[in-house]
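Engineer: What follows is a predicted protein model with its sequence.
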Amino acid sequence: MKLGINVGYWQRNPEDATETVLAAERQGYDSVFTAEAYGSDAFTTLAWYGARTSRIKLGTAVVQMSARTPAATAMHALTLDALSGGRLILGLGASGPQVVEGWYGQPFPKPLARTREYLDILHKVWARQEPVTNDGPHYPLPFPGGTGLGKPLKSIAHPVRSSIPIYMGAEGPKNIALSTEIADGWLPLFVDPQKIDSLFGESLKDRKPGFEITATVTTVVAPLEEALGWAKVPMAFYIGGMGAKDTNFHLDLIGRLGYAEEAARVQELFLDGRRDEAIKAVPDELVDAISLLGPLDRIKERLQLWRDSPVGTLLIAGVKDEPTLKAIRELADA
């Protein structure tokens, strides 16, 4: 099992994870991933870290498809991949209707069909075999209508790789199954390593050899009670704030993990503005199952659960200092 880090969103000055990324590279971590929601973008920060490193792989977890046309994402990806010497892993996700329609002003329906079409265009751009066209209803190329002057084009840049690895940020069973068909990996956000086979085995059964499961895991090295408290903060936000009341894919996932009633209560408190209560209402058992929490000797025991799972790469999220990154890497290698 490989280790990486997920540094998440960039939110404010002077926030800069360069020292953490450099420490991870020195300690032999395989990859660093950045994120975007409705603030900072994932590519700019990743380019910033990529310019300061030489070996560590550069991933997005995840780039939101509705933020950019397929051609724009393909351009971002091929440029960063070339400048970094072929180190990019392009993590993509459909996001949810709250962000897609409220922030990007794009339609959300039919995310599976849009995803399939989106990836097909990415591959055509990178392959450079012919001018890119697409007859699908979601991203038609050339655009039908308008001036009528649109023409199929081929990238004037030559990618260093004709196929950049694509990992899908997916939570629903059908979306996970689609990722095994058209992508190179899956980026689960909240996953219990002991329940991957029982909950997602059917969706993952047709994955091809080399298909990578790369899981982000909140990690807090501290006394267990303190660690649980820290881990509940982002969980409450995702359950309560990252989605509409009646359409929240994160809440649905927590329900499938066995905490539907508890998640509904967290959402109710969060939406009511009682955020401290929402954080406290997140079950200890839930955050413990999907995280790495407590003193190092306890984390060593919990790491075995991930080794025994189908996860190939564990993205450590929340650890910033090199001594702790080193200690976790040594535990994983033990």
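Structural biologist: Yep, that arrived.
Engineer: switch to C-alpha atoms for all contacts and neighbour counts from now on
Structural biologist: Noted.
Engineer: pretty sure residue 143 contacts residue 150?
Structural biologist: Yes: between residue 143 and residue 150 a contact is recorded at 6.5 Å, counting by Cα atoms under 8 Å.
Engineer: The two: which has the busier surroundings?
Structural biologist: Taking other Cα atoms under 10 Å, residue 143 and residue 150 do not tie; residue 143 has more neighbours (16 against 12).
Engineer: Might you report the residue contacts of that one?
Structural biologist: By Cα atoms under 8 Å, 6 or more residues apart in numbering, the contact set of residue 143 is residue 150.
Engineer: What separation is there between it and residue 118?
Structural biologist: 15 Å (Cα to Cα, to the nearest Å).
Engineer: Helices of the protein, start to end?
Structural biologist: Ranges of helices within the chain are 18-26, 42-50, 70-83, 97-102, 111-127, 173-182, 196-204, 224-241, 249-254, 260-271, 275-281, 284-290, 296-307, 322-333, based on DSSP state H.
Engineer: any idea how far residue 215 is from residue 101?
Structural biologist: 27 Å.
Engineer: Same drill for these two, tell me which one is more crowded.
Structural biologist: Applying other Cα under 10 Å to residue 215 and residue 101 shows that residue 215 carries more neighbours, namely 27 against 14.
Engineer: Tell me the pLDDT of that one.
Structural biologist: For residue 215, the pLDDT comes out at 98.
Engineer: Over to the one 4 residues further on?
Structural biologist: Here the pLDDT value assigned to residue 219 is 98.
Engineer: so what's it up against?
Structural biologist: By Cα under 8 Å, 6+ apart, the residues touching residue 219 are 231, 291-293, 316-319.
Engineer: repeat that with 6 Å
Structural biologist: 291-293, 317-318 (Cα atoms under 6 Å, 6 or more residues apart in numbering).
Engineer: With residue 91 instead?
Structural biologist: 60-63, 166-168.
Engineer: Can you tell me how far residue 223 is from residue 104?
Structural biologist: 41 Å.
Engineer: for the chain, which strand is longest?
Structural biologist: strand 212-221 (DSSP state E).
Engineer: How far does that strand sit from its chain's centre?
Structural biologist: Chain-centre distance of strand 212-221: 11 Å, with Cα atoms, centre = their mean, to the nearest Å.
Engineer: again, but for stretch 129-138
Structural biologist: The answer for stretch 129-138 is 27 Å, by Cα atoms, centre = their mean.
Engineer: now it: mean pLDDT?
Structural biologist: On average, stretch 129-138 scores 97.
Engineer: Likewise for stretch 186-198?
Structural biologist: So the average pLDDT for stretch 186-198 ends up being 96.
Engineer: Please list all residues in contact with the residue nearest the centre of the chain.
Structural biologist: Nearest to the mean C-alpha position of the chain, counting by Cα atoms, centre = their mean, stands residue 61 at 2.7 Å. Residue 61 sits next to 33-35, 91 when contact means Cα under 6 Å, 6+ apart.
Engineer: try residue 161
Structural biologist: Applying Cα under 6 Å, 6+ apart, no residues contact residue 161.
Engineer: mind redoing it with 8 Å?
Structural biologist: 78, 81-82, 86, 126.
Engineer: From residue 25, how far out is it?
Structural biologist: 23 Å.
Engineer: next one: residue 191
Structural biologist: 25 Å.
Engineer: more crowded one of these two?
Structural biologist: residue 191 (23 against 20).
Engineer: From residue 120, how far out is that one?
Structural biologist: In terms of Cα to Cα, residue 191 sits 28 Å off from residue 120.
Engineer: before we move on, the earlier item: for the contacts of residue 61, please prepare CSV with the additional fields distance to residue 327 and pLDDT.
Structural biologist: Putting the contacts of residue 61 into CSV (distance: Cα to Cα, whole Å; pLDDT from 0 to 100) gives the following:
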residue, distance to residue 327, pLDDT
33, 20, 98
34, 22, 98
35, 25, 97
91, 27, 98
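Engineer: on that earlier part again, neighbour-wise, which of the contacts of residue 161 leads?
Structural biologist: residue 78 (26 neighbours).
Engineer: Surely that residue and residue 125 touch.
Structural biologist: No: using Cα under 8 Å, residue 78 makes no contact with residue 125, being 9.1 Å away.
Engineer: Give the buried subset of the contacts of residue 219 as a PyMOL selection command.
Structural biologist: This is how PyMOL selects the buried members of the contacts of residue 219, with burial counted by 16 or more other Cα atoms under 10 Å:
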select buried, resi 291+292+293+317+318
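Engineer: check contacts around residue 90.
Structural biologist: Contacts of residue 90 (Cα under 8 Å, 6+ apart): 59-63, 77, 164-167.
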